[in-house]
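> Structure of the sequence below:
(4 chains, ligands or ions: 2)
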There are 2 protein chains.
Amino acid sequence: MITNKNCIIRLSRYKNSLHRLKTLGFVKVFSDNLADAVGVTSEQVRKDFSLFGITGNKRGGYTVDALTEKLNTILGKDRVQNVIVVGLGNIGTALTKYRGFEKECIKITAAFEADAAKCSRKTAVPILPVEEMPEYIRKNSIKIGIIAVPDVAAQQTADIMIGAGIRGILNFAPISLRCSEDVVINNVNLELELESVIYFVNTMPVTESTASK
Amino acid sequence: MITNKNCIIRLSRYKNSLHRLKTLGFVKVFSDNLADAVGVTSEQVRKDFSLFGITGNKRGGYTVDALTEKLNTILGKDRVQNVIVVGLGNIGTALTKYRGFEKECIKITAAFEADAAKCSRKTAVPILPVEEMPEYIRKNSIKIGIIAVPDVAAQQTADIMIGAGIRGILNFAPISLRCSEDVVINNVNLELELESVIYFVNTMPVTESTASK
DNA sequence: CTTTTCTTGTGATTATTTTCACATTAACAG
DNA sequence: CTGTTAATGTGAAAATAATCACAAGAAAAG
Ligand SMILES: NC(=O)c1ccc[n+]([C@@H]2O[C@H](COP(=O)([O-])OP(=O)(O)OC[C@H]3O[C@@H](n4cnc5c(N)ncnc54)[C@H](O)[C@@H]3O)[C@@H](O)[C@H]2O)c1
Ligand SMILES: NC(=O)c1ccc[n+]([C@@H]2O[C@H](COP(=O)([O-])OP(=O)(O)OC[C@H]3O[C@@H](n4cnc5c(N)ncnc54)[C@H](O)[C@@H]3O)[C@@H](O)[C@H]2O)c1
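Ligands and ions are numbered 1, 2, ... in the order given. Take a look at the predicted model:
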């Protein structure tokens, strides 16, 4: 089984690039084209494909449509993936309003809030009281959830979600969630991402091209 | 020079954990404590410290205050880091409103928008016309910027930012930005992060503890 | 039909990151 | 003061990931 997250992320990027290449009129692509589009080497592209048994034509490259379909199947984009959001603050709202998920077969079916004043069943994505979450997860067999609650509430929220059947979590709270091995947790810590940029900028040697600016 | 991003992210995590441990009354910590808090091994903690010349006491561990200070210095948290945001839509607004950056010495000093209707010099963080951005960057020696504009505008925005002196970018647009080697780009692609969770959930074998749910 | 050209697919190699294993030493107990 | 214990610090080893190098085969050219 492939456990390399970077590899999966690259597959997603290839898929996105393919989409752009198709709109440019490409019918076939070479590993070079994808490599350039994504910013990796062509060997990396072929190696990634090789891991998933994706084959092309010697000298003929890959058919855009066939490749797209294979990638979509691998990435679960052949069917709609239902996702819930917990915590309708700044981040939760941004995600819920974002229209870009639809075309990726990701559907935010409901949001859950502790603050009753923010709840409403009339919005495009219903905002429900967090107490209803476990039942909702069970009834709708939801497997993926996004945590956008304050850090102090995050672990408890995760426990409830997992208890109800959630198997994968995208977590925006700046803490390391603890859970059993069979649940996937992907932590997106924006402060850390920014801090890492800051570190590298402060550390990087000043070169000719940046010195005078 | 350390180029391992994961290592820098771990340093940030250690720093955050230290803060929590201190509020719990810890004066000294062992590599074990930090390892547990962050979810890595204690060897990893010591190895990371070793790379930066951080030393503790045999049998005595590390003094919380001294360690915090060293980490803060390495991570550039000994002084305020000024950052700008470009694109005041869903994500840009969420980041600009977020109060958690302050305590991390990260200050969003201004936001820039193409839509004049969204601009205002009276908000807590001024929202300025994007035309003013290059001048602002130069005048205030801004080195770090966040891109939260639609994908089609992202590369152009990056070019303008870099041209004016920006050295590091946190990019939320779902495209691979191209730039010279001496600029740090950290791409946060939320769709990809979610897709990777979806992939692993769909792929992971169903175990005893998850089967019945 | 034969040769040349171009691109895939992958084993081998190299590089990077993590883990192991243990020498070292400070603190403590007796 | 001496032995024991519990931690650090770091080379060596292992695991993981990326790159290299090239055989193989399809398409195009001659
Ligand atoms: N906004 C950002 O730019 C940003 C940046 C970095 C990290 N984060 C992190 O992301 C998370 C969300 O940030 P935010 O700015 O959206 O916060 P926020 O305070 O705006 O929103 C949190 C929301 O969660 C709700 N909530 C609280 N407890 C809950 C519970 N138990 N169940 C359901 N809902 C609950 C609150 O009512 C609120 O609406 C936080 O952990 C924050 O640290 C946010
Ligand atoms: N919101 C999300 O949850 C989410 C999720 C995944 C990816 N993204 C990506 O993040 C980026 C921002 O997303 P969003 O939802 O905030 O979009 P949005 O459309 O809400 O906001 C974009 C903002 O940028 C402004 N803008 C456009 N061109 C500009 C320019 N050249 N200079 C300055 N400002 C400009 C627009 O006026 C708008 O206010 C997009 O690239 C999107 O694909 C967002």
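> show me what contacts the residue nearest the centre of chain A?
What sits nearest the mean C-alpha location of chain A, by C-alpha atoms, centre = their mean, is A:Leu170, with 7.8 Å. Each residue near A:Leu170 by C-beta atoms under 8 Å, 6 or more residues apart in numbering or on different chains is listed here: A:Ile144, A:Gly145, A:Ile146, A:Ile147, A:Asn186, A:Val188, B:Leu190, B:Glu193, B:Leu194, B:Val197. (C-beta placed from N, C-alpha, C; glycine too.)
> Find the nearest non-adjacent residue to the last one, please.
Read that as B:Val197. What sits nearest to B:Val197 in space, not counting adjacent residues and going by C-beta to C-beta, 6 or more residues apart in numbering or on different chains, is A:Gly168, at 4.1 Å.
> ok, longest helix in chain A?
Ranked by residue count and defined by DSSP state H, the top helix of chain A is helix A:5-23.
> Burial check on the residue in chain A that ligand 2 sits nearest to, number of neighbours?
Proximity of chain A to ligand 2 (C-beta to the nearest ligand atom) peaks at A:Tyr98, 3.4 Å away. A:Tyr98 has 16 neighbouring residues, counting by other C-beta atoms under 10 Å in any protein chain shown.
> show me what contacts the nearest residue to it once chain neighbours are set aside?
Nearest residue to A:Tyr98 in three dimensions, chain neighbours excluded: B:Asn90, at 5.9 Å (C-beta to C-beta, 6+ apart). Counting by C-beta under 8 Å, 6+ apart, B:Asn90 makes contact with A:Thr93, A:Ala94, A:Leu95, A:Lys97, A:Tyr98.
> swap in A:Thr55?
Counting by C-beta under 8 Å, 6+ apart, A:Thr55 has contacts A:Phe49.
> what do you get for A:Thr109?
By C-beta under 8 Å, 6+ apart, the neighbours of A:Thr109 are A:Asn82, A:Val83, A:Ile84, A:Val125, A:Asn140, A:Ile142.
> Kindly report the same for A:Pro150.
Listed by C-beta under 8 Å, 6+ apart, the contact set of A:Pro150 reads A:Gly87, A:Gly89, A:Ala173.
> How about the secondary structure of the closest residue to DNA strand C within chain A?
Closest residue of chain A to DNA strand C, C-beta to the nearest atom of the strand: A:Thr55 (2.9 Å). Following DSSP: H, G, I helix; E, B strand; the rest coil, A:Thr55 is assigned to coil.
> Report pLDDT for it.
At A:Thr55, the model reports a pLDDT of 96.
> Could you report the distance from it to B:Thr3?
From A:Thr55 over to B:Thr3 the distance is 34 Å, taken as C-beta to C-beta, to the nearest Å.
> Just the buried residues of stretch A:22-39, please?
Neighbour-count burial for stretch A:22-39 flags A:Lys28, A:Val29, A:Phe30, A:Ser31, A:Asn33, A:Leu34, A:Ala35, A:Asp36, A:Ala37, A:Val38 (criterion: 16 or more other C-beta atoms under 10 Å in any protein chain shown).
> oh sorry, the question was meant for stretch A:148-166
For stretch A:148-166, a neighbour-count test (16+ other C-beta under 10 Å) marks A:Ala148, A:Val149, A:Ala154, A:Gln155, A:Thr157, A:Ala158, A:Ile160, A:Met161, A:Ile162, A:Ala164, A:Gly165, A:Ile166 as buried.
> Likewise for stretch A:165-174?
Within stretch A:165-174, the residues that qualify as buried by neighbour count (16+ other C-beta under 10 Å) are A:Gly165, A:Ile166, A:Arg167, A:Gly168, A:Ile169, A:Leu170, A:Asn171, A:Phe172, A:Ala173, A:Pro174.
> Flag the least confident of these.
Among the buried residues of stretch A:165-174, A:Pro174 has the weakest pLDDT, 93.
> Is that residue in a helix, a strand, or coil?
With three-state DSSP as the criterion, A:Pro174 reads coil.
> OK, contacts around the closest residue to it other than its chain neighbours?
Spatial nearest neighbour of A:Pro174, excluding adjacent residues (C-beta to C-beta, 6+ apart): A:Asn189 at 5.1 Å. A:Asn189 makes contact with A:Phe172, A:Pro174, B:Ile9, according to C-beta under 8 Å, 6+ apart.
> repeat for A:Leu88
A:Thr96, A:Ala111, A:Phe112, A:Glu113, A:Asp115, A:Lys118, A:Ile127, A:Ala148.
> Next, format the residues you listed as JSON lines and append pLDDT and secondary structure.
Listed next are the contacts of A:Leu88 as JSON lines, based on pLDDT from 0 to 100; DSSP: H, G, I helix; E, B strand; the rest coil:
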{"residue": "A:Thr96", "pLDDT": "97", "secondary structure": "helix"}
{"residue": "A:Ala111", "pLDDT": "98", "secondary structure": "strand"}
{"residue": "A:Phe112", "pLDDT": "98", "secondary structure": "strand"}
{"residue": "A:Glu113", "pLDDT": "98", "secondary structure": "strand"}
{"residue": "A:Asp115", "pLDDT": "98", "secondary structure": "coil"}
{"residue": "A:Lys118", "pLDDT": "97", "secondary structure": "helix"}
{"residue": "A:Ile127", "pLDDT": "98", "secondary structure": "strand"}
{"residue": "A:Ala148", "pLDDT": "98", "secondary structure": "coil"}
